[in-house]
Structures are given as structure tokens and as C-alpha cells.
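Participant: sequence and predicted model, in that order:
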Amino acid sequence: MSGPAVIEERALDLFVQALHACHGYDFSGYARASLKRRVEQLAADLGVAGVGHLIPRLIYEPALLGDVIARLSVPVSEMFRDPEVFAAIREQILPVLSSHPRINVWQAGCAQGEEAYSMAILAEEAGLLSRCRFYATDINDQALARAAEGIFTAPRIADFARNYERAGGQAEFADYYRSRYDLVCMRRALRERVVFAHHNLVTDGVFAETHLIMCRNVLIYFSQDLKERVLRLFADSLVRGGYLVLGTRETLQFSAVADRFETVSEAHRIYRLKPSRVAHHV
């Protein structure tokens, strides 16, 4: 690398250190190339000359933190994304979970709540909604606030409805929201079953015993060490026989916790914690 490139790499390291030291957010385990692109875009959007010039603002403008985290995280999703995965959850997971009197579902990295509301709809159609509590977490407080409102722009609904139908939807998708002007709001019965909360996969621990964890297209942004840390957290959070659903480009293969799970569907990245009563330590 040439001189300016080396300087920018060092500036990125210092930015990550400052963010951790001043605000407690540790992005050191995030995939380097992806993080670099987002920080450089943040610098451009804020009109500063380079990554190094972000550091004083990060230190002396605490009000900027919300925007920084919002830009560095990736709050992008859609309802029933990868419909075949939700069809598999409907057919293979929910019938098993129906034997439990209460069902806890953790949506980790929930963006603006699209997949959490998708899961609530699946539970409604399986007759399980009243027994379910959905915990939807993220580090992006701006995205969490929007998610809790359950409001989406009307132009997105056509794509959501198509995904819902392909996932085996049993009703009209319009039954699950009300419209006003160019916005739609998810039904209150769905919103009331979802708890949106701040949780940092990098630093925070187990907060609930869960029967199903959904974490799709989050681990692709993490380094291998951080992936292992998060997968251990998930394994420790699941009840025996609980399910883990990852993104289509993510897998438990070659992970240190792989032997704690059995594969339900590698194609759909669905895994089940082995119902062993023997404690495992990784």
C-alpha cells in the first residue's frame, strides 16, 4: 500500500478504537472491507476530508453517535425475505414448537422489524401467537424506534405480499396491516407480541431462554472470531432442541459449535440444538 492508503488504514483503526473507548461499541471484529466502505461513506456524508477527521467529532459530539451507529449497522431487510425459508419454518419448526406452553423467539439483528413481524404472522396462522413472545434486537436505536412503530411505506408492500404468498401465506396479506395515505401500519395484535430492545452481539450476553433464534444476514459482516463468539452465545441461549436459522450465505459448517447442533435443512440454514442433557463447553 502507498503512503496515503496506509494512513487511511491507520485512521480506520483509530476510529474503531475511539468508538470503543468513548462509547463502548466494538467494531474491531467486523469484516474489514465492509466496515471500511461504511466508515468512508460516513465521512463523505458528513463532509469531512477523511476517516481520521471523524475521530474528533466522534469524541466531542456525543449527539452524533446515533447517526454513526445507524450508518455502520446495516438495517436492510424485507418481510418474508427468502420465502422458502419461511415456508420451511412454517412446516418444520412451528409444529414442533407448538408443544410448548410458551414460546420465545429471538430475532437478532432485527433491522426495522420486517422479519420479526413476518414471524408473528406465521405464529398467528399456526394458532400460536398468544403463546409467543418475540424479542427483536439490534444495536441501531434509530432502526429499533422505527421497528416498534410497525410502519412501512406503501410501495414496499407489493414485494412483502409476494414474499408472503410464496412462503405459503394462508390469508390476504392486507389482513395484517391498515393503510393510511402512503404508509401502512402492522396490526396492533402483532405489534403487541414483539419486544424491541437494544442488544449488542459483540459485547452482550444471554438475556432470555429461547426456542428459536433468527439471525439472518448478520454474521456475513463479522470476522471469524466474532462469528464464533456469537454462535456460542446463540447455542447458550437456546433451550434443548431449540432452533437456529441463519442467512442463506451463512452456515454452522466448520464452526466450533457445529457439534452442538444437528442440521434440519442445510439448504435453508436451519439447525437444531441437540437435545442432550450433557453440558457442552466450547
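Facilitator: It's in.

Participant: those strands in the stretch 1-150 of the chain, which residues are they?
Facilitator: 103-108, 132-138 (DSSP state E, counting those that start in this stretch).

Participant: please identify the most buried of those strands.
Facilitator: Sort the strands of the stretch 1-150 of the chain by mean neighbour count, taking mean count of other Cβ atoms under 10 Å, and strand 103-108 sits at the top with a mean of 25. Every C-beta, even on glycine, is put in place using the N, C-alpha and C of the backbone.

Participant: show me where pLDDT drops low in the stretch 1-150 of the chain?
Facilitator: Residue ranges of the stretch 1-150 of the chain with pLDDT under 70: 1-3, 74-76.

Participant: need the contact list for residue 59.
Facilitator: With contacts defined as Cβ atoms under 8 Å, 6 or more residues apart in numbering, the neighbours of residue 59 are 18, 22.

Participant: typo on my end, it should be residue 142
Facilitator: For residue 142, the contacting residues are 66-67, 69-70, 75, by Cβ under 8 Å, 6+ apart.

Participant: and of those residues, the nearest to residue 84?
Facilitator: residue 75 (23.5 Å; Cβ to Cβ).

Participant: break the protein down into its domains, please.
Facilitator: 3-72, 83-273 (automatic domain parsing).

Participant: that older thread, want to throw the strands of the stretch 1-150 of the chain into CSV with distance to residue 55?
Facilitator: Conversion of the strands of the stretch 1-150 of the chain to CSV gives the following (distance: least, Cβ to Cβ, whole Å):
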stretch, distance to residue 55
strand 103-108, 29
strand 132-138, 25
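
Participant: right, and these - which one's nearest residue 175?
Facilitator: Residue 175 lies closest, by Cβ to Cβ, to one member of the strands of the stretch 1-150 of the chain: strand 132-138, at 18.1 Å.

Participant: helices and strands around the closest one, which ones?
Facilitator: Judged by 3 or more Cβ pairs under 8 Å, 6 or more residues apart in numbering; DSSP states H and E, strand 132-138 is in contact with strand 103-108, helix 114-125, helix 141-149, strand 194-198.

Participant: before I go, just wanted to say thanks for your time.
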